[in-house]
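Chemist: Could you look at this predicted model? Sequence included:
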Amino acid sequence: MTKSKMSSRELERAEYFIKFIDELKIENRDNDLLILVEGKNDILALRLLGFEGPIKPIKGKRLPDLIDEILLEYSRVLILSDWDVEGERLYKKIKFLLESYGIKVEDRYRKEIKSFAKKDVKDVEGLYVYVSGLKSKTRANI
């Protein structure tokens, strides 16, 4: 996407992704969907985007303690680790553990964010700037 007007396809994709993020915020807030992120900067980025529901960091906790916390409070989790090799490894490990205890891991949201933003955003921290940029560009196309 350039600084000039977006093509109709780019505009459609941007509007779709913004709507998708808004729907995810509602799931997080109203339907008690826990979002797991790697660290505090990821939490800040999601809060700046308007996420109001439960978000917990993975780093800084022993994995067994984190799993125990989740088991006590949640039945659904979205794991939003970064899309790099380390983040994928962490995602697979936590997903396996949670599912082995009967916790539903919501893969759809992670896959959608990765497929849409992977070229432009390398981590969760970058989502705020990315989505803000999309909103700005879509307003400029009105």
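Modeler: Thanks, I have the structure now.
Chemist: For the chain, just list every one of the helices.
Modeler: Here the chain has its helices, by DSSP state H, at 8-30, 40-48, 63-73, 85-100, 107-117, 127-140.
Chemist: I'd like to know which of those helices is closest to residue 55.
Modeler: Closest to residue 55 of the helices of the chain is helix 40-48 (C-beta to C-beta; 5.1 Å). Placement of C-beta: from N, CA and C, glycine included.
Chemist: Quick one: residues contacting residue 92.
Modeler: Neighbour list for residue 92: empty [criterion: C-beta atoms under 8 Å, 6 or more residues apart in numbering].
Chemist: tell me the pLDDT at it?
Modeler: In this model, residue 92 is scored at 96, pLDDT.
Chemist: Check the gap between it and residue 112 for me.
Modeler: Separation of residue 92 from residue 112 (C-beta to C-beta, to the nearest Å): 18 Å.
Chemist: Residue 131 and residue 15 touch, don't they?
Modeler: No. Look at residue 131 against residue 15 with C-beta atoms under 8 Å: they stay out of range, at 11.8 Å.
Chemist: could the helices of the chain go into CSV alongside distance to residue 54?
Modeler: Formatted as CSV, these follow (distance: least, C-beta to C-beta, whole Å):
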stretch, distance to residue 54
helix 8-30, 7
helix 40-48, 10
helix 63-73, 8
helix 85-100, 14
helix 107-117, 14
helix 127-140, 17
